[in-house]
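[1] Coordinates for the following, if possible.
(one chain, ligands or ions: 1)
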Amino acid sequence: MRTRPLKVALLGCGVVGSEVARIMTTHADDLAARIGAPVELAGVAVRRPDKVREGIPAELITTDATALVKRGDIDVIVEVIGGVEPARTLITTAFEHGASVVSANKALLAQDGASLYAAAEEHGQDLYYEAAVAGAIPLVRPLRESLAGDKINRVMGIVNGTTNFILDRMDTNGAGYSEALDEATALGYAEADPTADVEGFDAAAKAAILAGIAFHTRVRLDDVYREGMTEVTAADFASAKQMGCTIKLLAICERAADGGSVTARVHPAMIPLTHPLASVREAYNAVFVEAEAAGQLMFYGPGAGGAPTASAVLGDLVAVCRNKLNEAKGPGESAYTQLPVSSMGEVVTRYHISLDVADKPGVLAQVATVFAEHGVSIDTVRQHGRQDGDGEASLVVVTHRAPDAALSGTVEALRKLDTVRGVASIMRVEGE
Ligand code: HSE
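    This is a model prediction of the structure:
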């Protein structure tokens, strides 16, 4: 084994960074044996130098991240500060100074992955980012490497633990959204400002990354259709139960049947209880991959948290260090096609629509006509008259697959009917 250590600099020492440093220290001998050389923590850039950081020698701490990445003797930079800047500049500076990069930065990769890959390529360095999507779950490397010989047609996953926890509580306890969010906050799952999670921004960044790798094309955050889950109600869950479904916030990336385009979207959806993703509870993540030769695969595990995310970072660190020792390079960007990303209106999906309607002759025919006029075929209809004698009935319509634009046009037209008193719930149905 080589005795001269590989030097690693850590940018950020929060929940994930501190776990990376801890594992590097406590597992130093095993890591050295696996890599073929010792790894040395050579510097740690932080914002608050006065904070006590157990196990990290004070002389390694610096607030000057730029100077650290420019040192010239660093082999690998581990970036766990998140956000677009200064992370982007630090990463490209690291490449220019001969370091490979392991990053957990989903926002940056989703927004600007192509220029990071280009910078890594230009300087002959590695860019690994397993921790950016679904925490500890090996997903990026299976897609980039293990499935590189297959053709992936669909990736559908639960890639945000906070929202899965909230939806799971709403499902199992009958809790409302606010109550379930309060519990997620109290247990430390939800941030003080939960917007990125509950509005689907976090999942959308992950969807962009997954779609790009899976379909060998460029998909940016702005290409991903996004709806959060703050509007999901107890009534939606009641409707889902009647259908033998539950509700999940899904990230769905699909290749069009003709192979000529792709789509990426994040929104709440009903999925049958028999679908493997329906059994993903609490704050767990899971991603269901459909490939031509492999068939259906599911990746499951903890998608967040310090130690699980550090596990993914360390796996990348070992791989990148091995490459450094062998003077080799891992896979770069594999976006050799430039497939257009279709809009949400072109996505083909199913709707579950729950309406409050006047309970009188001809209403069902009127509603059915609106569907027909928009070219949407109805799969099932359920009607319950009300016992309270208010002359209204609940009508639940589940459609066959149709373009999303046709489905949303149908709902718009239904809202205009005098006999439709209200639209109680609209939810896409996936996974059938
Ligand atoms: N906040 C994310 C989640 C973890 O709840 O899954 C980081 O992406």
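
[2] my read: Val84 touches Gln111, true?
    Yes: between Val84 and Gln111 there is a contact under C-beta atoms under 8 Å: 6.2 Å. Backbone N, C-alpha and C define where each C-beta goes, glycine included.

[3] what about those two, which has more around it?
    Gln111 (18 against 13; other C-beta atoms under 10 Å).

[4] Quick check: which element contains that one?
    helix 106-122 (DSSP states H and E).

[5] export that helix as PDB, just CAs?
    Output in PDB follows, covering the C-alpha atoms of helix 106-122 (Å, rounded to 0.1, in the frame of the first residue of the first chain):
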ATOM      1  CA  LYS A 106     -28.500  18.700  -5.800                       C
ATOM      2  CA  ALA A 107     -29.500  22.300  -6.400                       C
ATOM      3  CA  LEU A 108     -26.300  23.100  -8.200                       C
ATOM      4  CA  LEU A 109     -26.200  19.800 -10.100                       C
ATOM      5  CA  ALA A 110     -29.800  20.200 -11.200                       C
ATOM      6  CA  GLN A 111     -29.200  23.800 -12.300                       C
ATOM      7  CA  ASP A 112     -25.700  23.700 -13.700                       C
ATOM      8  CA  GLY A 113     -24.600  20.000 -14.000                       C
ATOM      9  CA  ALA A 114     -23.500  20.400 -17.600                       C
ATOM     10  CA  SER A 115     -20.900  23.200 -16.800                       C
ATOM     11  CA  LEU A 116     -19.600  21.300 -13.800                       C
ATOM     12  CA  TYR A 117     -19.100  18.100 -15.900                       C
ATOM     13  CA  ALA A 118     -17.400  20.200 -18.600                       C
ATOM     14  CA  ALA A 119     -15.000  21.700 -16.000                       C
ATOM     15  CA  ALA A 120     -14.200  18.300 -14.600                       C
ATOM     16  CA  GLU A 121     -13.600  17.000 -18.100                       C
ATOM     17  CA  GLU A 122     -11.400  19.900 -19.100                       C
END
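
[6] Run through who's touching it.
    Residues from elsewhere that reach helix 106-122 (C-beta atoms under 8 Å, 6 or more residues apart in numbering): 82-84, 87-88, 91-92, 95-96, 100-101, 103, 126-127, 129, 132-133, 202, 204-206, 208-209, 212, 218, 220-221, 224, 332-333, 335.

[7] What subset of these is buried?
    The neighbour-count test (16 or more other C-beta atoms under 10 Å) marks 82, 87-88, 91-92, 95, 100-101, 103, 126-127, 129, 132-133, 202, 204-206, 208-209, 212, 218, 220-221, 224, 333, 335 as buried among those.

[8] Mark which of these are part of strands, please.
    Ser100, Val101, Ser103, Leu127 (DSSP state E).

[9] pLDDT and distance to the ligand added to the residues you listed, as CSV?
    Output for those, formatted as CSV (pLDDT from 0 to 100; distance: C-beta to the nearest ligand atom, whole Å):
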residue, pLDDT, distance to the ligand
Ser100, 98, 23
Val101, 98, 19
Ser103, 98, 13
Leu127, 98, 19
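
[10] which two from those residues end up farthest apart in space?
    Pairwise distances across these peak at 10.4 Å for Ser100 and Ser103 (criterion: C-beta to C-beta).

[11] Overlap of the contact sets of these two?
    Common neighbours of Ser100 and Ser103 (C-beta under 8 Å, 6+ apart) are Leu127, Tyr128.

[12] Is Ile271 in a helix, a strand, or coil?
    Per DSSP: H, G, I helix; E, B strand; the rest coil, the secondary structure class of Ile271 is strand.

[13] Check which helix or strand the residue lying closest to it once chain neighbours are set aside maps to.
    Spatially, and ignoring its direct neighbours in sequence, Ile271 is nearest to Gly431 (3.9 Å; C-beta to C-beta, 6 or more residues apart in numbering). Using DSSP H and E, Gly431 sits within no helix or strand.

[14] Low-confidence stretches in the stretch 251-400 of the chain?
    Residues of the stretch 251-400 of the chain that meet the criterion pLDDT under 70 lie in 387-389.

[15] And the strands in it, which stretches?
    262-272, 284-291, 295-302, 348-358, 378-385, 392-399 (DSSP state E, counting those that start in this stretch).

[16] Next, format those strands as a markdown table and append distance to the ligand and mean neighbour count.
    What follows is the strands of the stretch 251-400 of the chain, written out as a markdown table (distance: least, C-beta to the nearest ligand atom, whole Å; neighbours: other C-beta atoms under 10 Å):
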| stretch | distance to the ligand | mean neighbour count |
| --- | --- | --- |
| strand 262-272 | 12 | 25 |
| strand 284-291 | 7 | 22 |
| strand 295-302 | 9 | 15 |
| strand 348-358 | 24 | 20 |
| strand 378-385 | 33 | 13 |
| strand 392-399 | 30 | 20 |
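
[17] is it true that Val313 touches Ala132?
    No: taking C-beta under 8 Å as the definition, Val313 is not a contact partner of Ala132, at 9.9 Å.
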